[in-house]
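Q: Compute the structure for the input listed below.
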Amino acid sequence: MEINELTAAERRVWEAFPDGTEVDFRQSPDEDPADGAGWGPERTVRARVLRSLLLDGPARAAEIPVLKLNGARITGKLDLKYATIDHAVELKHCHFADGPALYDFRVRQLNLRGSVMPGLHAARLQVDGVLRLTGCRITHQVRLGGSRIAGALFLDEAHLTSSDLTEPVLQLNQVTIGDALWAPGLRVEGETRLESATVTGMVMLKNAHFHHPGATALQGRNLTVDSDVQAGCLVAHGMLNLRGARIPGQLNLSYGRLSHSEGTALRVSSAVIGELWLREPEGIEGALNLRRARIDALHAAPEVWPEELCLDSLTYTTLTPHAAAERRLAVLERDADGYVPYAYEQLAAAYRRVGDEHAARTVQLAKLRRHRGTLPWYGRVWGHVQDATVGYGFRPLRAAGWLLSLLVVGAVAFGVHPPAALKPAEAPPFNPVFYALDLMLPVISFGQEAAFAPRGWYQALSYALILTGWILATTVLAGVTRAVSRQ
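A: Coordinates of the predicted model:
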């Protein structure tokens, strides 16, 4: 392009390019680029001029060319598909009449901070440094699928909308980011897609808003993050789907608000996460799906969990904050899969790791009671008997109480009607208390049982004492053994 074909504004940009001087057309730092359609020719630059400048612009010895443009109205489509640019490009606070076409474009660094544009078509974009979309307002799809960004991707305070919600508004599927995805305050009205994306650094989504009611707000299946996902105070109207994600650090959703009343609000099934934080969210409206997830540390108070849960095969090492077993058990009873034995085992194991054996036994007892409801009638009857007598073996003191009661009954009965001696000349003096103990204790012998033989209903009573004594004494012994082994 010949320089005599340029307008005065374009000539300023052309002449500033070789040594990287910034051209700032703004009249005040707080003017709104959304009003750029009314800006006059004194700050209007044609997109084809910028294309020519980047592809074959002038150079100056011992200088580094950089395109730095601030507050311009850019007309026409900036088409740089398949191009490779060795310069950094900064088009800040600009108003684009058409969305840039940057498919398979390679650039040293790209900064579009604060700009307004109707879409950004940049799939397979390659940026050797940082891609900055801070504060951008984009009114159509942002397509960055398959892009490779060596540095960080900045989307902080950006606002992305689209009239066509059949396609994702923000497409970051299969993107590779060498540093952080930095997007605090991001607002997306429509679906955001992070499917199979890889982020070497952290993902910052604090105070972000994802609005796609009745559908998926954030699609992050198989997302891989080498550090943390910090999403405190995040608001999502629509499903937040992180199925199969790999996050070795924190997934922090503290103080957030997740809403998807039509189905699942948060799906983290089959994910592997270092720490999942659900501290004091404003609310989870919808289901929470943690099936098959593996989490090292799960921080969620009992009142945090929503009414509908899917916890089958959820594995965790630590559960905080510490709460009474009864409060945690109320959560398991809301599982959409019904009775899930593994969920009870995980909860009992978590209590054991912190030394709360009483809570662990309470959980195991609740598991057996819940299991009882799945049995046929005769199994349920036997279960009720076990529960009432010995608490399924987890209440040994109750068994000791039954033993003492039966001992009193036996001692009184045989004291009133002593049994006859088998060999009167050799029999020891009869003692009703030790006779009853001899019948009830399966190992210890006081010489009474072998010397006397009851008859009639007293014989039936002796058989009942023998049978119940075996069951109850074994239960007490098992309880004592568990207590000793814990010591």
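
Q: which residues touch the helix or strand hosting residue 240?
A: Assigning secondary structure by DSSP states H and E places residue 240 in strand 235-241. Residues outside strand 235-241 that contact it (C-beta atoms under 8 Å, 6 or more residues apart in numbering) are 191, 208-221, 256-260, 263-267, 286. (Each C-beta comes from the backbone N, C-alpha and C, glycine too.)

Q: go again using 7 Å as the cut-off
A: With contacts defined as C-beta atoms under 7 Å, 6 or more residues apart in numbering, strand 235-241 is touched by 209-221, 256-260, 263-267.

Q: Those in strands, which ones?
A: Helix and strand membership here follows DSSP state E; of those, those in strands are 209-219, 257-260, 263-267.

Q: In PyMOL, how would I select the buried members of these?
A: This is how PyMOL selects the buried members of those, with burial counted by 16 or more other C-beta atoms under 10 Å:
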select buried, resi 209+210+211+212+216+217+218+219+257+258+259+260+264+265+266+267
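
Q: For the protein, which helix or strand comes out least confident on mean pLDDT?
A: When each helix and strand of the chain is scored by mean pLDDT, DSSP states H and E, helix 457-486 comes last, with a mean of 69.

Q: where does the stretch 301-450 of the chain have low pLDDT?
A: In the predicted model, the stretch 301-450 of the chain carries pLDDT under 70 at residues 385-386, 388-390, 392-393, 395-397, 442.

Q: Helices along the stretch 201-350 of the chain, start to end?
A: Shown for the stretch 201-350 of the chain, the helices assigned by DSSP state H, counting those that start in this stretch span residues 325-332, 341-353.

Q: Save those as TSV, and put in distance to residue 461 and mean neighbour count too.
A: Listed next are the helices of the stretch 201-350 of the chain as TSV, based on distance: least, C-beta to C-beta, whole Å; neighbours: other C-beta atoms under 10 Å:
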stretch	distance to residue 461	mean neighbour count
helix 325-332	39	18
helix 341-353	39	18
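
Q: So which of those is nearest residue 276?
A: Ranking the helices of the stretch 201-350 of the chain by distance to residue 276, with C-beta to C-beta as the measure, places helix 341-353 first at 13.7 Å.

Q: Helix or strand next in line after the closest one, which one?
A: Next helix or strand after helix 341-353 toward the C-terminus (DSSP H and E): helix 357-372.

Q: give the contact list for the nearest residue to residue 259 once chain neighbours are set aside.
A: Once flanking residues are discounted, residue 259 sits nearest to residue 285: 4.2 Å by C-beta to C-beta, 6 or more residues apart in numbering. With contacts defined as C-beta under 7 Å, 6+ apart, residue 285 is in contact with 259-261, 265.

Q: So residue 270 versus residue 293, what's the distance?
A: 7 Å (C-beta to C-beta, to the nearest Å).

Q: Those two: who's more crowded?
A: With neighbours defined as other C-beta atoms under 10 Å, residue 270 and residue 293 compare such that residue 293 has more, 25 against 18.

Q: wait, isn't the more buried one in contact with residue 269?
A: Yes. A contact is recorded between residue 293 and residue 269 when judged using C-beta atoms under 7 Å, the distance being 6.0 Å.

Q: who touches both of those two?
A: Both residue 293 and residue 269 lack any common contact, where contact means C-beta under 7 Å, 6+ apart.

Q: which residues does the nearest residue to residue 172 once chain neighbours are set aside contact?
A: Take residue 172 and drop its neighbours on the chain: the residue closest to it by C-beta to C-beta, 6+ apart is residue 194, 5.0 Å away. Applying C-beta under 7 Å, 6+ apart, one finds that residue 194 lies in contact with 172-173, 218-220, 223.

Q: separation between residue 194 and residue 267?
A: In this structure, residue 194 and residue 267 are 13 Å apart, going by C-beta to C-beta.

Q: One more: residue 456?
A: Summarising the geometry, the distance separating residue 456 from residue 267, computed by C-beta to C-beta, is 69 Å.

Q: Ok, residue 253 next?
A: The separation that residue 253 has from residue 267, given C-beta to C-beta, amounts to 12 Å.

Q: Next: residue 155.
A: 23 Å.

Q: ok, now residue 247?
A: Counting by C-beta to C-beta, the gap from residue 247 to residue 267 is 14 Å.

Q: Now that residue 152 has come up, it's in contact with residue 200, right?
A: No. Proximity of residue 152 to residue 200 does not meet the contact threshold set by C-beta under 7 Å, at 9.7 Å.

Q: Need the overlap of contacts for the two.
A: Any residue near both residue 152 and residue 200 by C-beta under 7 Å, 6+ apart counts here, and that gives 177, 179.

Q: ok, those two, which is more surrounded?
A: Comparing residue 152 with residue 200 by other C-beta under 10 Å, the one with more neighbours is residue 152, at 22 against 16.

Q: give the contact list for the more buried one.
A: Contacts of residue 152 were listed using C-beta under 7 Å, 6+ apart, and they are 130, 177, 179-180, 182, 201.

Q: Skipping adjacent residues, who's closest to residue 367 in space?
A: Residue nearest to residue 367 in three dimensions, not counting chain neighbours: residue 344, with 3.7 Å by C-beta to C-beta, 6+ apart.

Q: wait, what's in contact with that neighbour?
A: Residue 344 is in contact with 332, 363-364, 366-367, counting by C-beta under 7 Å, 6+ apart.

Q: what's the most distant pair in the residues you listed?
A: Checking the contacts of residue 344 with C-beta to C-beta, the most distant pair is 332 and 364, at 12.3 Å.

Q: does the most far-flung residue of the chain relative to its centre sit in a helix or strand, and which one?
A: Of all residues in the chain, residue 425 has its C-alpha farthest from the mean position, at 79.0 Å, by C-alpha atoms, centre = their mean. Secondary structure here is read from DSSP H and E; on that basis residue 425 sits in neither a helix nor a strand.

Q: any idea how far it lies from residue 451?
A: Between residue 425 and residue 451 the distance is 11 Å, computed by C-beta to C-beta.

Q: before we move on, what about residue 162?
A: In this structure, residue 162 lies at 95 Å from residue 451, with C-beta to C-beta as the measure.

Q: Residue 273 now?
A: 68 Å.

Q: Pick out whichever of these two has more residues nearby.
A: residue 273 (25 against 19).

Q: check contacts around the more buried one.
A: Listed by C-beta under 7 Å, 6+ apart, the contact set of residue 273 reads 247, 251, 293, 295.

Q: Would you mind naming the residues that bridge with the second one?
A: Right, the one you point to is residue 251. Listed beta-bridge partners, residue 251: residue 229, residue 276 (assigned using DSSP bridges).

Q: contacting residues for it?
A: Taking C-beta under 7 Å, 6+ apart as the contact definition, residue 251 lies against 229, 273, 276.

Q: pLDDT on stretch 51-66, on average?
A: Confidence for stretch 51-66, expressed as mean pLDDT, is 91.

Q: Give me the contact list for that stretch.
A: Counting by C-beta under 7 Å, 6+ apart, the neighbours of stretch 51-66 from elsewhere in the structure are 1, 14, 17-20, 67, 78-80, 83, 85, 87-89.

Q: Would you map the helices across the stretch 1-150 of the chain?
A: 8-16, 47-56.

Q: Turn those helices into CSV, including mean neighbour count.
A: Converted to CSV, the helices of the stretch 1-150 of the chain look like this (neighbours: other C-beta atoms under 10 Å):
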stretch, mean neighbour count
helix 8-16, 18
helix 47-56, 18
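
Q: Select, out of those helices, the one closest to residue 415.
A: Closest to residue 415 of the helices of the stretch 1-150 of the chain is helix 47-56 (C-beta to C-beta; 108.7 Å).
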